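J.: coordinates only, no sequence provided:
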Ligand SMILES: Cc1cc2nc3c(=O)[nH]c(=O)nc-3n(C[C@H](O)[C@H](O)[C@H](O)COP(=O)(O)OP(=O)(O)OC[C@H]3O[C@@H](n4cnc5c(N)ncnc54)[C@H](O)[C@@H]3O)c2cc1C
């Protein structure tokens, strides 16, 4: 008999694994496939933000990851004279999600944790050493074809997620084209560790952007015990010349790093570019992560965008597989995520344009502009500038499509982050009593079918005051939050809970 998985996922990168875990935990059978027998070892992402920390917390990984992450101190942009042009203190203030603003890590460490978690998930089948070669679909099923141990193998599912990275075979097979967003620069990426028993001659909490037109350079933590240097390739420099240990050591010498005090863990050349797929879905096939969008790493958002895709797609597929939602809801994955991802790519490109200046006169002009802004006391960026989702499965006002607050609350079991002591999923929360009591029978049944939970976050239980401030800002007393931590909508008055749940119902569009 044909074995049909609920969802087949191409790519055991962070996007694929997160999607797989969220769907498997929702009770669906998932097969995840990768061409490599082991995790990808090269240096890539080193930072994720509070929203992603919340997604990883939803997977129950916060404690496992604790020894593998660090939090940054100060992020400074300096010019070639060493003058500070811009400074952001990551330690000041919390984040909207109730986690630290930023976490520093080594991507292979995090991928190892995701793989180990996936390996023991009962609903999840991991097929490694499997090169995906093609995709076909009928009205009801989708088949991923590939080669494993020299043999042709087909894996069949009801839905397919192509999380197979920048050169996605799934994207190409479905004819989903990439739109070039117009940025390209080559950089040498070098990860360094101290020699055994030693320390690096560098303050570990400092994140640096050296805006030197002679060699734009990024110096950041690469997670506990590691430092990352990124050196822009200059005009006329061959990538083969740049990508050698000798060249890496020559560039690191300016930072007092030598083979006597440091170990060169890895070096690789990357072409940083901005691009986004023009379409993210073809009937039963979705693309996610780097398969759907590519961003220069200047905003540290590529991996983050992939995990947002995972969170956004998994709850929709969960509802579709349970017969609770239909095609129109599935289409809102792209309509919401594509503009959001695009906004982050453009942010990163704008940062790249400031960082990657090689002309000394243009660099002086840039420095003068940044100096003036600093002297005028320009405020640092805040959560207020986070992009909202595109149109989709949320109200367009009353906070719909923005990130929901997460914070410390008091419960009978003690104090903790809301997600840990109350729960996650569809959450209806209010500052004026338990919204469950206000729901009609019909709405209570609908909300229960979605696995929704309700919570009273009256001021007395709002330990950090985050919820009280949030409701003030929303000008509402009840809010409906989705499993990906975005707000569906917010409302006030005795019928607020019913209004929100009924409205959510109209977005689900289950098919007969
Ligand atoms: C230098 C650098 C620094 C970065 N820094 C940051 C940062 O600080 N923060 C951040 O958020 N992001 C950062 N990123 C981006 C981040 O690394 C990527 O966005 C992230 O890895 C994308 O994850 P993914 O799962 O979508 O794709 P990938 O990690 O590329 O995973 C795709 C998987 O699919 C598999 N695969 C591909 N094709 C096939 C096939 N035909 N058959 C079978 N398997 C296949 C691959 O083996 C791979 O395991 C950085 C990237 C670079 C290069």
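T.: Arrived safely, thanks for sending. Just so it is clear, the structure is predicted and the values come from calculations on it, not from any experiment.

J.: contacts and neighbour counts: CA atoms only from here.
T.: Will do.

J.: list the buried ones in stretch 235-247?
T.: Residues 239, 242, 243, 245 are the ones in stretch 235-247 that count as buried (16 or more other Cα atoms under 10 Å).

J.: tell me the contacts of the third one?
T.: Residues counted as contacts of residue 243 (Cα atoms under 8 Å, 6 or more residues apart in numbering) are 188, 267, 268, 269.

J.: could you redo the last one with a cut-off of 10 Å?
T.: By Cα atoms under 10 Å, 6 or more residues apart in numbering, the contact set of residue 243 is 187, 188, 189, 190, 233, 267, 268, 269, 270.

J.: just checking: which of the residues you listed also lie near the ligand?
T.: 189, 270 (Cα under 6 Å from any ligand atom).

J.: and the contacts of residue 243, which of them are in helices?
T.: Members of the contacts of residue 243 lying in helices (criterion: DSSP state H): none.

J.: for residue 102, which non-adjacent residue is closest in space?
T.: Distance criterion Cα to Cα, 6 or more residues apart in numbering; nearest residue to residue 102, sequence neighbours excluded, is residue 49 at 4.4 Å.

J.: name the member of the contacts of residue 243 with the most neighbours.
T.: Highest neighbour count within these: residue 190, with 27 neighbours (other Cα atoms under 10 Å).

J.: if I read this right, that one contacts residue 246, doesn't it?
T.: No. With contact defined as Cα atoms under 10 Å, residue 190 does not reach residue 246; the gap is 11.9 Å.

J.: what segments of the stretch 251-400 of the chain are helices?
T.: All helices of the stretch 251-400 of the chain, identified by DSSP state H, counting those that start in this stretch, fall at 302-321, 327-355, 360-375.

J.: do you know which of those lies nearest the ligand?
T.: Of all those, it is helix 302-321 that lies closest to the ligand, at 3.4 Å by Cα to the nearest ligand atom.

J.: run the chain-centre distance for the closest one.
T.: 10 Å (Cα atoms, centre = their mean, to the nearest Å).

J.: contacts only, for residue 161.
T.: Counting by Cα under 10 Å, 6+ apart, residue 161 has contacts 7-11, 15-16, 19-20, 32, 170-171, 280-281, 284-289, 291, 310, 313-314.

J.: got it, and residue 417?
T.: 54, 97, 98, 99, 406, 407, 408, 409, 410, 423, 463.

J.: before we move on, what about residue 463?
T.: Applying Cα under 10 Å, 6+ apart, the residues contacting residue 463 are 407, 408, 409, 410, 415, 416, 417, 457.

J.: need the buried ones from these selected in ChimeraX.
T.: A single ChimeraX command selects the buried members of the contacts of residue 463 (16+ other Cα under 10 Å):
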select :407,408,409,410,417,457
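
J.: got CSV for the contacts of residue 463, with secondary structure too?
T.: Below are the contacts of residue 463 laid out as CSV (DSSP: H, G, I helix; E, B strand; the rest coil):
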residue, secondary structure
407, coil
408, strand
409, strand
410, strand
415, strand
416, strand
417, strand
457, coil
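
J.: just put the contacts of residue 463 in JSON lines and tack on pLDDT and distance to the ligand.
T.: What follows is the contacts of residue 463, written out as JSON lines (pLDDT from 0 to 100; distance: Cα to the nearest ligand atom, whole Å):
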{"residue": "407", "pLDDT": "96", "distance to the ligand": "23"}
{"residue": "408", "pLDDT": "96", "distance to the ligand": "26"}
{"residue": "409", "pLDDT": "96", "distance to the ligand": "29"}
{"residue": "410", "pLDDT": "94", "distance to the ligand": "32"}
{"residue": "415", "pLDDT": "96", "distance to the ligand": "30"}
{"residue": "416", "pLDDT": "96", "distance to the ligand": "27"}
{"residue": "417", "pLDDT": "97", "distance to the ligand": "23"}
{"residue": "457", "pLDDT": "95", "distance to the ligand": "32"}
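
J.: tell me the contacts of the spatially most central residue of the chain?
T.: In the chain, the residue lying closest to the centroid (Cα atoms, centre = their mean) is residue 304, at 1.7 Å. Neighbour list for residue 304: 14-15, 45, 47-53, 55, 289, 310, 341 [criterion: Cα under 10 Å, 6+ apart].

J.: go ahead and confirm residue 139 touches residue 284.
T.: Yes. Between residue 139 and residue 284 there is a contact under Cα under 10 Å: 8.1 Å.

J.: more neighbours: which of these two?
T.: residue 284 (20 against 8).

J.: tell me the residues on the stretch 301-450 of the chain that lie near the ligand, please.
T.: So the stretch 301-450 of the chain meets the ligand at 301, 302, 303, 304, 306 (Cα under 6 Å from any ligand atom).

J.: most neighbours among those residues, which one is it?
T.: residue 306 (28 neighbours).

J.: list the contacts of it.
T.: 13-16, 18-19, 52, 163, 165, 288-294, 312, 341 are the contacts of residue 306 under Cα under 10 Å, 6+ apart.

J.: in strands only, show me the residues you listed.
T.: 293, 294 (DSSP state E).

J.: low-scoring stretches of the stretch 251-400 of the chain, by residue?
T.: Low-confidence segments of the stretch 251-400 of the chain (pLDDT under 70): 380-384.

J.: if we use 50, what do you get?
T.: Of all residues in the stretch 251-400 of the chain, none has pLDDT under 50.

J.: hang on, the earlier thing: restricted to strands, list the contacts of residue 243.
T.: Per DSSP E, the contacts of residue 243 map to strands at 187, 188, 189, 190, 267, 268, 269, 270.

J.: from what I see, the second one and residue 229 are in contact.
T.: Yep, that's residue 188 we're talking about. Yes. Applying Cα under 10 Å as the test, residue 188 and residue 229 come out as touching, 8.2 Å apart.

J.: who touches both of those two?
T.: 217, 248, 267.

J.: overlap in contacts, residue 190 and residue 246.
T.: By Cα under 10 Å, 6+ apart, the residues touching both residue 190 and residue 246 are residue 252.

J.: show me this structure divided up by domain.
T.: Per the record, the chain has its domains at 4-68+105-179+275-350, 408-508, by automatic domain parsing.

J.: so which of the ones you listed comes closest to residue 365?
T.: For the domains of the chain, the distance to residue 365 is smallest for domain 4-68+105-179+275-350, at 16.0 Å, taking Cα to Cα.

J.: any idea how far the closest one is from the chain center?
T.: How far domain 4-68+105-179+275-350 lies from its chain's middle: 11 Å, per Cα atoms, centre = their mean.

J.: can you tell me the closest non-neighbouring residue to residue 410?
T.: With sequence-adjacent residues excluded and distances taken as Cα to Cα, 6+ apart, residue 410 is closest to residue 461, at 4.7 Å.
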